[in-house]
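J.: What would the 3D arrangement of this be:
(one chain, ligands or ions: 2)
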Amino acid sequence: MVGGVQILSVEFVKGAVEVKDLPEERLPQVAFLGRSNVGKSTLLNALMGEKNLVKTSGTPGKTREINFFRVNESFFLVDLPGVGYAKVSIKQRNVMAETIRNYIEKAEDLCGVVYLVDIRHAGTAIDVLTVEELRNTGVPVLVVASKGDKVNQTELRQNKKQIKEKFALSENPIVVSSLRQTGFDELWIEILNALRKSNET
Ligand SMILES: Nc1nc2c(ncn2[C@@H]2O[C@H](COP(=O)(O)OP(=O)(O)OP(=O)(O)O)[C@@H](O)[C@H]2O)c(=O)[nH]1
Ligand SMILES: [Mg+2]
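T.: Ligands and ions are numbered 1, 2, ... in the order given. Purely as a prediction, here's the structure:
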């Protein structure tokens, strides 16, 4: 059991460089997006109860492809490259941003995006813009704060409030720590909700 969900199977299905390479299999998808180094890939490993299935790195810009992981034979969790990573060439950054945008707009099976922000930074201008852009596509967006272990209780409270205000959330964001494995139950509930809702429509 990881956070209230029994993980029976996890398979890495494919890494897509372009939207034409997306998996053919039709299963609902929840994608993870956020700036480079916020901990998307680490969180995915931890949520799926795997240590090294998803490649992570201390150096930003690790994930370059759209990686699809099939969970319990019933849905995909999707690891996206980081938003706005400065160290790749501008051309490559634009290609990645375009690929992400195309994916979000075209993926018919996408039922939600988990948008991660580092709790310490509580949302940068790029984050706010990206979330706005995402919301405009109509996809449900869940803003989640990562690396909860990096702040003390006071900062945690203040930064949750800041994130709530910046992104105009109706409630405080879920805070996760992949290091301490906290916040997973709440996050899984939201992921399963998004998957369930898409089933009903
Ligand atoms: N303290 C702490 N460190 C974390 C946590 N999650 C991730 N990290 C660290 O943050 C760094 C980046 O993690 P990744 O999971 O590779 O980040 P990413 O968002 O996938 O990065 P890109 O693939 O470049 O977009 C690694 O050094 C991780 O060990 C966490 O919950 N707590
Ligand atoms: Mg990554």
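J.: From the contact counts, what lies against the longest strand seen in the chain?
T.: Scanning the chain for the strand with the most residues, using DSSP state E, yields strand 110-118. With contacts taken as 3 or more C-beta pairs under 8 Å, 6 or more residues apart in numbering; DSSP states H and E, strand 110-118 sits against strand 29-34, helix 90-106, helix 125-137, strand 141-146, helix 184-200. Heads up, the C-betas are built off the backbone N, CA and C, glycines and all.
J.: let's see it at 10 Å
T.: With contacts defined as 3 or more C-beta pairs under 10 Å, 6 or more residues apart in numbering; DSSP states H and E, the packing partners of strand 110-118 are strand 29-34, helix 40-47, strand 75-79, helix 90-106, helix 125-137, strand 141-146, helix 153-166, helix 184-200.
J.: of these, which approaches residue 21 most closely?
T.: Between residue 21 and the helices and strands packed on strand 110-118, the tightest spacing by C-beta to C-beta is seen for helix 90-106, at 9.8 Å.
J.: need the contact list for the residue lying closest to residue 107 once chain neighbours are set aside.
T.: Among residues not flanking residue 107 along the chain, residue 29 sits closest, at 6.2 Å (C-beta to C-beta, 6 or more residues apart in numbering). For residue 29, the contact set (C-beta atoms under 10 Å, 6 or more residues apart in numbering) comprises 22-23, 68-70, 75-78, 103, 107-113, 194-195, 198.
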